[in-house]
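K.L.:
Structure for the following, please:
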Amino acid sequence: MDIVTGAIAKLIPKLGELLVGEYKLHKGVKKNIEDLLKELKTMNAVLIKIGEVPPDQLDSQDKLWADEVRELSYVIEDVVDKFLVRVHGIEPDDNTNGFKGLIKRTTKLLKKVVDKHGIAHAIKDIKKELQEVAARRDRNKFDGIASVPTEAIDPRLRALYIEAAELVGIYGKRDQELMSLLSLEGDDASTKKLKKVSIVGFGGLGKTTLARAVYEKIKGDFGCHAFVPVGQNPDIKKVFRDILMDLGNANSDLALLDERQLINKLHKFLENKRSRHN
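P.N.:
Numbering: from 1, shown residues only. As a prediction, the model looks like this:
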């Protein structure tokens, strides 16, 4: 997650620590820190969104903005760490040197952190920098998903909400045979085996709608079920999140999990389902 959000995840609790009474910071400084926290939390959410976009689809402006925010987060973290070391001798995390080649303002900010007066000036300068970065985000309407300019809505998603009756031939002989093939009616062993059926054809023929109609008909035969449209170049993490959400695991932490964690979560869910039905 550090690759996506820089030092923000570690920085937020550190800034929160500065608000504790024992530091006796001036009221104006605390207000600036609170403003920093709000802006960083917003930026963190946007960075997570940007991180979900496949690199080859990422808009260049979004990428530049994300790099700038991550870079600035390391500057802020170093300022806060140096202040904490001076006040309490608290050693910063080992991984605080990921900001090689930062612009000259970094050095100026670090030199200011000599005492509480220094942290006040540093926080004020950082707040100004952060506001400028936020303003650029607003001017360019960055939302972390501006990188998919080809089509705002996947046509497969629109197909999910077409009434089956609107599709010509949906209840014809071919489609009835397809539904029969996938049903679990009967007692022979073949009905219990994994079945895969391909629906092929040109775009716009109603393949997704037909698949959805079949799914709606047979889903009651299963203890759990999910219907997730997948494109030619799918975002694997999004696919796993969609599956888990369809299965009723709509937890707020799904966006924070990596591919391996999502697979483990899905595996655990299915294992629990299996054990309850045995």
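K.L.:
Would you map out the domains in this protein?
P.N.:
Domain assignment for the chain, taken from automatic domain parsing, gives 2-139, 151-222, 226-278.
K.L.:
Lowest mean pLDDT across those domains, which one is that?
P.N.:
Least confident of those, judged by mean pLDDT, is domain 151-222 with a mean of 64.
K.L.:
Does anything pack onto the one helix or strand residue 38 maps to? Which helices or strands?
P.N.:
Per DSSP states H and E, residue 38 falls inside helix 27-51. Judged by 3 or more C-beta pairs under 8 Å, 6 or more residues apart in numbering; DSSP states H and E, the packing partners of helix 27-51 are helix 2-5, helix 8-18, helix 60-88, helix 116-139. Placement of C-beta: from N, CA and C, glycine included.
K.L.:
what's the closest of those to residue 248?
P.N.:
Judged by C-beta to C-beta, the one of the helices and strands packed on helix 27-51 that comes nearest to residue 248 is helix 2-5, at 26.9 Å.
K.L.:
What about residue 82, how many residues nearby?
P.N.:
21 (other C-beta atoms under 10 Å).
K.L.:
Apologies, that question was intended for residue 17.
P.N.:
Neighbours of residue 17 (other C-beta under 10 Å): 15.
K.L.:
is it true that residue 200 touches residue 210?
P.N.:
No: Residue 200 is beyond contact range of residue 210, at 11.0 Å (criterion: C-beta atoms under 8 Å).
K.L.:
neighbour count winner among those two?
P.N.:
residue 210 (21 against 6).
K.L.:
For the nearest residue to that one once chain neighbours are set aside, grab phi and psi.
P.N.:
By the measure of C-beta to C-beta, 6 or more residues apart in numbering, the closest residue to residue 210 outside its immediate chain neighbours is residue 199, 5.9 Å from it. Residue 199 adopts backbone torsions of phi -110, psi 110, taken as degrees, to the nearest 10.
K.L.:
go on, residue 257?
P.N.:
Torsion angles, degrees, to the nearest 10, at residue 257: phi -80, psi 140.
K.L.:
Can you report how many residues neighbour it?
P.N.:
18.
K.L.:
which residues sit in contact with the nearest residue to it once chain neighbours are set aside?
P.N.:
Excluding the flanking residues, the one nearest residue 257 by C-beta to C-beta, 6+ apart is residue 265, at 6.8 Å. Contacts for residue 265 (C-beta atoms under 8 Å, 6 or more residues apart in numbering) come out as 244, 249, 257.
K.L.:
relative orientation of the helix holding residue 38 and helix 60-88 in degrees?
P.N.:
Orientation check (axes from the mean of the first three to the mean of the last three C-alpha atoms, to 10 degrees): helix 27-51 against helix 60-88 gives 140 degrees.
K.L.:
from memory residue 235 sits against residue 51, does it?
P.N.:
No: with contact defined as C-beta under 8 Å, residue 235 does not reach residue 51; the gap is 10.8 Å.
K.L.:
Near residue 39, how many other residues are there?
P.N.:
Neighbours of residue 39 (other C-beta under 10 Å): 16.
K.L.:
can you list the contacts of residue 265 in CSV and add distance to residue 65?
P.N.:
Formatted as CSV, those follow (distance: C-beta to C-beta, whole Å):
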residue, distance to residue 65
244, 30
249, 32
257, 24
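K.L.:
Around residue 27, how many other residues sit close by?
P.N.:
By the measure other C-beta under 10 Å, the count of residues near residue 27 is 7.
K.L.:
Same question for residue 212.
P.N.:
Using other C-beta under 10 Å, residue 212 has 20 other residues around it.
K.L.:
now it: how far from residue 227?
P.N.:
According to C-beta to C-beta, to the nearest Å, residue 212 stands 6 Å off from residue 227.
K.L.:
now residue 233
P.N.:
Here residue 233 is placed at a distance of 20 Å from residue 227 (C-beta to C-beta).
K.L.:
Pick out whichever of those two has more residues nearby.
P.N.:
Neighbours were counted for residue 233 and for residue 227 using other C-beta under 10 Å; residue 227 has more, 15 against 8.
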